[in-house]
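Visitor: Predicted coordinates and the sequence they were generated for:
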Amino acid sequence: MAKIFDSFKIKDLEFKNRVIMAPMCMYSSDITGEVKDFHIHHYVTRAIGGVGGIVIEATAVEERGVISQRDLGIWKDEHIDGLKKLVDSVKKNGTPIGIQIAHAGRKSEFTGEIVAPSAIPFDDKSKTPKELSVNEIKEVVEAFKNGARRAVKAGFDFIEIHGAHGYLINEFLSPLSNKRDDEYGGTLEKRAKFLDEVLKEIKEVIPENMPVVLRVSASDFTEGGNTPEDISKIINLVKNYGIDLINVSAGAVVPAAINLYPGYQVKFAEVVKKETGLPVMAGGLILDRNMVEEILGNERSEFVFLARPLLREPYLVLRWAKEVGREDLIPYQYKRGF
């Protein structure tokens, strides 16, 4: 029997299978950051399509922390009602839903001032960010805390903290983007301090049984940057604040040439799993069921995340269920289609 359809429990939350819909920017809001009808239809379709869990797109904890000006937001209480409508719609279709709370830092397209650990632009075409003062860092930590509090009120089943892809937390973690000489920069331990504080504050406002996922970039693909071993050491420094699952991605803190091939990030997930002892979610150009079954069957990770394949084929997991004789997993409304 394919392990892909085995359930997995984290705290009190049970995922019905091992395929998680990865967060993907949909660019379907506006400068308000509010949920639109598109978001509800988009995520409900994947819930009906059989994924084991959904992580919605990067949702900004500050207005200046959006990736684009069409991203979802969770920087004010007025966002809660729209997010709750989205959550309720997905959960009615039997799928756990989490939110990726995020701050884009120096990679934000916000029209005003943007911020980062150091006043270094991402590339020569990017705006130079303002270096955060220590007091301003505390304010951003508070923004993450308030975002988590709002996520709880909206009814999300779990929270994913975006510490990857060159956004603010990742910018603090990487020596390539963090050139500070105070308590937030320099050594690996100091670079982890911002993440440590974010996790500590979030833990104060979420229920004890609410799973916390951390997404990381396990390699900077650049000499002098973080390696999977470095990221594992960072995770071990902060995991006691209740991290339950590591979503292992890679790259994007600085421009870099990356050798892309199917499953190119899975090896990083294996390192993180071994070095931290935590369950991991692997991904990176995973394109077919055989790849998923190999990864899970060889215990290289506990979950896989899929992104673009689910844009192309929302009912992909149902097709896989049919292929392995699990017609019982196909909603009766759709059985005629498989």
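Guide: Looks like it arrived, so ask away.
Visitor: contacting residues around stretch 301-315?
Guide: 8, 15, 18-22, 24, 45-46, 48-53, 55, 245, 247-248, 266, 269-270, 273, 279-283, 286-287, 292, 295-296, 316, 319, 334, 337 (Cβ atoms under 8 Å, 6 or more residues apart in numbering). (Each C-beta comes from the backbone N, C-alpha and C, glycine too.)
Visitor: among those residues, which are in strands?
Guide: Secondary structure from DSSP state E places 8, 15, 19-21, 53, 55, 245, 247-248, 280-282 of these in strands.
Visitor: Just the buried ones from the contacts of stretch 301-315?
Guide: The neighbour count (16 or more other Cβ atoms under 10 Å) marks 8, 15, 18-22, 24, 46, 48-53, 55, 245, 247-248, 266, 269-270, 273, 279-283, 286, 292, 295-296, 316 as buried among those.
Visitor: Could you grab the helix/strand/coil label for residue 178?
Guide: Three-state assignment for residue 178 (DSSP: H, G, I helix; E, B strand; the rest coil): coil.
Visitor: After the longest helix belonging to the chain, which helix or strand is next?
Guide: Ranked by number of residues, the top helix in the chain under DSSP state H is helix 134-154. Downstream of helix 134-154, the first helix or strand assigned by DSSP states H and E is strand 158-163.
Visitor: just checking, what packs against that following strand?
Guide: strand 53-60, strand 97-102, helix 134-154, helix 168-173, helix 193-205, strand 212-217 (3 or more Cβ pairs under 8 Å, 6 or more residues apart in numbering; DSSP states H and E).
Visitor: contacts for that strand?
Guide: 10, 13, 23, 53, 55, 58, 96, 98-103, 144, 148, 151, 169-170, 173, 195, 198-199, 202, 206, 210-217, 244, 247.
Visitor: partner strands of it, parallel or antiparallel?
Guide: Sheet pairing of strand 158-163 (DSSP bridges) gives strand 97-102 (parallel), strand 212-217 (parallel).
Visitor: Residue 326: which of those strands is closest?
Guide: strand 97-102 (22.5 Å; Cβ to Cβ).
Visitor: Restrict the closest one to CA atoms and write it as CSV.
Guide: The C-alpha trace of strand 97-102 is given here as CSV (Å, rounded to 0.1, in the frame of the first residue of the first chain):
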residue,chain,number,x,y,z
ILE,A,97,-5.4,24.5,6.8
GLY,A,98,-2.4,26.5,8.0
ILE,A,99,-1.2,30.0,7.4
GLN,A,100,2.3,31.0,6.5
ILE,A,101,3.0,34.2,8.4
ALA,A,102,5.7,36.2,6.8
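Visitor: For it, what is the distance to the chain centroid?
Guide: 7 Å (Cα atoms, centre = their mean, to the nearest Å).
Visitor: any idea of the mean pLDDT for that strand?
Guide: Taken as a whole, strand 97-102 has a mean pLDDT of 98.
Visitor: Next, the angle strand 245-249 makes with that strand.
Guide: Between strand 97-102 and strand 245-249, the angle comes out at 60 degrees (axes from the mean of the first three to the mean of the last three Cα atoms, to 10 degrees).
Visitor: what's the angle between strand 97-102 and helix 193-205?
Guide: Going by the same axes, to 10 degrees, strand 97-102 makes 140 degrees with helix 193-205.
Visitor: Residue 260: what's it in contact with?
Guide: By Cβ under 8 Å, 6+ apart, the neighbours of residue 260 are residue 285.
Visitor: Do you know the pLDDT at it?
Guide: 94.
Visitor: Please give the element, helix or strand, for it.
Guide: Short version, using DSSP H and E: residue 260 is in no helix or strand.
Visitor: for residue 181, same thing?
Guide: Per DSSP H and E, there is no helix or strand for residue 181.
Visitor: Quick check: the gap between it and residue 191.
Guide: Distance from residue 181 to residue 191, counting by Cβ to Cβ, to the nearest Å: 12 Å.
Visitor: More neighbours: which of the two?
Guide: Higher neighbour count among residue 181 and residue 191: residue 191, with 24 against 9, using other Cβ atoms under 10 Å.
Visitor: where's residue 26, which helix or strand?
Guide: Going by DSSP H and E, residue 26 is not in any helix or strand.
Visitor: I misspoke; the intended subject was residue 95.
Guide: Counting by DSSP H and E, residue 95 is part of no helix or strand.
Visitor: Any figure for the gap between it and residue 158?
Guide: 12 Å.
Visitor: Name the residues contacting each of these two.
Guide: residue 53.
Visitor: what's the spacing between residue 302 and residue 295?
Guide: 10 Å.
Visitor: can you list residues touching both of these two?
Guide: By Cβ under 8 Å, 6+ apart, no residue touches both residue 302 and residue 295.
Visitor: angle of the one helix or strand residue 87 maps to against helix 134-154?
Guide: Following DSSP H and E, one finds residue 87 within helix 80-91. Interaxial angle, helix 80-91 versus helix 134-154 (the same axes, to 10 degrees): 50 degrees.
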